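> Predicted model and sequence follow; I will ask about them next.
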Amino acid sequence: RLLPVGLLLALLGGGATFRLVCQRQSLGGELQGALRRQELQVYYQPIVHLASRRYVGAEALMRWQRPDGSLTSPEQFIPLAESTGQIRAITDFLLQEVLEQLGDLLRSHPELYISINLSACDVSAPRIGALTGRLLARHGVRPEQIAFEVTERGLIDLQAASRNLAALRARGHRVLIDDFGTGYSSLAYLQTLPVDCLKIDKAFVDALGADAASSGVAPHIVRMARALRLKVIAEGIEREEQARLLDSEGADYGQGWLFAPALSASAFRELIGGGQPAAPLSPVPSGRRQ
Ligand code: C2E
Ligand code: MG
Ligand code: MG
Ligand code: MG
């Protein structure tokens, strides 16, 4: 009696899986075409120094806009590209595009940097360093002006990751842990991994100021980072009070809609050229300790 039910369930489950596989395959096929048709674009979300509100750089974020104008989120197509291996072509494209679009700006503003998201397969193989090196030489940009973001998910092969991240740092790049605190990692890896900076995930920034008395986990991450001599970027800052709290807790940099959304290359160039600080500093003292 159990058998038919099991069979039925298996068939039903199989059908759903089949549909999912088909959807993924067609999206994967479209993604291949998207690269060829240049539907992928790089956007730049400014990063600011919290205490002065000066722009220090930007994070490069991938956008996929179809000819009909509709947008597919990177949260959808990046995981897909990771599973099909297309992510390598996407990362290569992104690096080339960043230097082509912003090479001039980076040469005239040597204090600015652009941060690049790496996927697990980018981190577990050594090819990114050499490619970036060639592009930097071609465009006359310093290695300090390119940083790499790695999520805890990207550290599956910890040994290979450590080796490759150390090589990137040896070339002069900074290495950041992205979405810190949301993965499965143990804190132990922080002591051994060659990194410069932690990015506090938006989830912990959201919790800030939601309840004025309890500021949640973010301040503890900041303290731990400082103890480990790591810099801190808080991401997803949407409200002034979050920025002020993070600054007073000692976070170094911030990123979020309060300051700017992800911008096209030309809008980012204009923003930097204009020289205005992000979100005027309010007269309320930040209470930052020296
Ligand atoms: P991420 O690296 O953590 O990037 C931050 C995400 O938060 C971006 O979403 C950004 O637009 C969004 N964000 C920034 N400030 C705010 C804010 O104030 N409020 C809210 N609600 N959201 C904010 P996006 O661009 O959709 O990217 C999502 C994720 O996709 C990224 O998360 C990153 O993991 C991945 N991704 C994007 N581009 C690339 C890429 O070129 N390569 C790789 N490997 N991953 C990428
Ligand atoms: Mg990132
Ligand atoms: Mg992030
Ligand atoms: Mg995040």
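That came through fine. Ligands and ions are numbered 1, 2, ... in the order given.
> Point out the residues in the stretch 101-250 of the chain that sit beside ligand 2.
Residues of the stretch 101-250 of the chain that fall close to ligand 2, judged by CB under 5 Å from the ion: 117, 149, 178. Where you see a C-beta, it was placed from the backbone N, CA and C, and this is true even at glycine.
> Could you pick out which of the residues you listed are located in strands?
Using DSSP state E, 117, 149, 178 are the members of these that sit in strands.
> For the closest residue to ligand 4 within the stretch 51-200 of the chain, give me its contacts.
For the stretch 51-200 of the chain, the residue closest to ligand 4 is D179, as judged by CB to the ion, at 4.2 Å. By CB atoms under 8 Å, 6 or more residues apart in numbering, D179 lies in contact with 151-152, 199, 201, 235.
> quick one: which of those has the most company?
With neighbours defined as other CB atoms under 10 Å, the most crowded of the contacts of D179 is K199; it has 26 neighbours.
> Can you give me the buried ones in the helix or strand hosting that residue?
Here K199 sits within strand 197-200, counting by DSSP states H and E. Within strand 197-200, the residues that qualify as buried are 197-200, counting by 16 or more other CB atoms under 10 Å.
> got the CA coordinates for the following helix or strand past that strand in CSV?
Using DSSP H and E, the helix or strand that follows strand 197-200 towards the C-terminus is helix 202-207. The C-alpha coordinates for helix 202-207 follow below in CSV (Å, rounded to 0.1, in the frame of the first residue of the first chain):
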residue,chain,number,x,y,z
LYS,A,202,22.5,44.7,6.2
ALA,A,203,20.5,42.4,8.5
PHE,A,204,22.5,43.6,11.5
VAL,A,205,22.3,47.3,10.4
ASP,A,206,18.5,46.9,10.1
ALA,A,207,18.4,45.9,13.7
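> So for helix 202-207, mean pLDDT?
Averaging pLDDT along helix 202-207 gives 92.
> and it, what other elements does it pack with?
Packing partners of helix 202-207 (3 or more CB pairs under 8 Å, 6 or more residues apart in numbering; DSSP states H and E): helix 218-227, strand 231-235.
> does any bit of the strand holding K199 sit next to ligand 1?
No. For a cut-off given as CB under 6 Å from any ligand atom, strand 197-200 has no contacts with ligand 1; the smallest distance is 7.1 Å.
> Can that strand be said to contact ligand 4?
No. Judged by CB under 5 Å from the ion, strand 197-200 makes no contact with ligand 4; its nearest approach is 7.2 Å.
> That strand: how far from the chain's middle?
10 Å (CA atoms, centre = their mean, to the nearest Å).
> On the three-state scheme, A60 is what?
Three-state assignment for A60 (DSSP: H, G, I helix; E, B strand; the rest coil): strand.
> Report the beta-bridge partner residues of it.
On the basis of DSSP bridges, A60 is bridged to Y44, I116.
> Would you confirm that it contacts S115?
Yes. Counting by CB atoms under 8 Å, S115 is a contact partner of A60 at 6.7 Å.
> Would you state the strands of the stretch 1-150 of the chain in chain order?
Under the criterion DSSP state E, counting those that start in this stretch, the stretch 1-150 of the chain carries strands at the ranges 40-49, 55-65, 71-72, 113-118, 146-151.
> rank the ones you listed by mean pLDDT and give me the bottom one.
That would be strand 71-72, which, of all those, carries the lowest mean pLDDT at a mean of 92.
> Provide the strand pairings for it, with the direction of each partner.
Strand 71-72 has these strand partners (DSSP bridges): strand 55-65 (antiparallel).
> Show me which positions of the strand it pairs with end up buried.
55-64.
> With stretch 177-194 instead?
So, applying 16+ other CB under 10 Å, buried residues of stretch 177-194: 177-181, 185, 190, 193.
> pLDDT weak spots in the stretch 1-150 of the chain?
Low-confidence segments of the stretch 1-150 of the chain (pLDDT under 70): 1-25.
> what do you get if the cut-off is 50, keeping everything else the same?
Applying pLDDT under 50 to the stretch 1-150 of the chain flags residues 1.
> Can you name the residue of it nearest to ligand 3?
Counting by CB to the ion, the stretch 1-150 of the chain gets nearest ligand 3 through E149, at 6.7 Å.
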